[in-house]
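Quick one, structure for this:
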Amino acid sequence: MHELSIALSIIDLANETLKNKEQSVVSEIELEIGKFAGVDTAALLTALEMASARTPFSSARFRITSVKATAKCRDCGTEFELENYLSSCPACKSFRTMVITGKELRLKSIIINH
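Numbering: from 1, shown residues only. You can find the predicted model right below:
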């Protein structure tokens, strides 16, 4: 379950943010996860709950925003939403595409209450 190692990394990164902020309480952590990031969001939320126990994040709400997968055709330049990695360009039917979004796994924001 690699979601636990991802959760621990997120908590470590959030701890770095709180490093010099004494008596701070985190109320929310927002993440952006792409469609093709390879992360099971339900498993990640469970892992985040476990990883945040007995930390300043134990009462934090974890909010996950899904990012659609998009690609750009290398032949005609059309940008389009990807359903899967094998999707062809809807304009010219080329398979020479480049993924633009959808692989993200980003800590977008941390809301801190003093």
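
what sits against the residue lying farthest from the centre of the chain?
Centroid-distance maximum for the chain: residue 92 at 31.2 Å, with Cα atoms, centre = their mean. Residues in contact with residue 92 (Cβ atoms under 8 Å, 6 or more residues apart in numbering) are 73, 75-76, 78. Any C-beta I mention is one placed from the backbone N, CA and C, and that applies to glycine too.

So among the residues you listed, which ones count as buried?
In those, burial by neighbour count holds for residue 73, counting by 16 or more other Cβ atoms under 10 Å.

Restricted to helices, list the contacts of residue 92.
Secondary structure defined by DSSP state H assigns none of these to helices.

low pLDDT regions in this protein?
Regions of the chain meeting the criterion pLDDT under 70 cover residues 1, 21-23, 114.

repeat that with 90
1-2, 14-27, 54-58, 85, 111-114 (pLDDT under 90).
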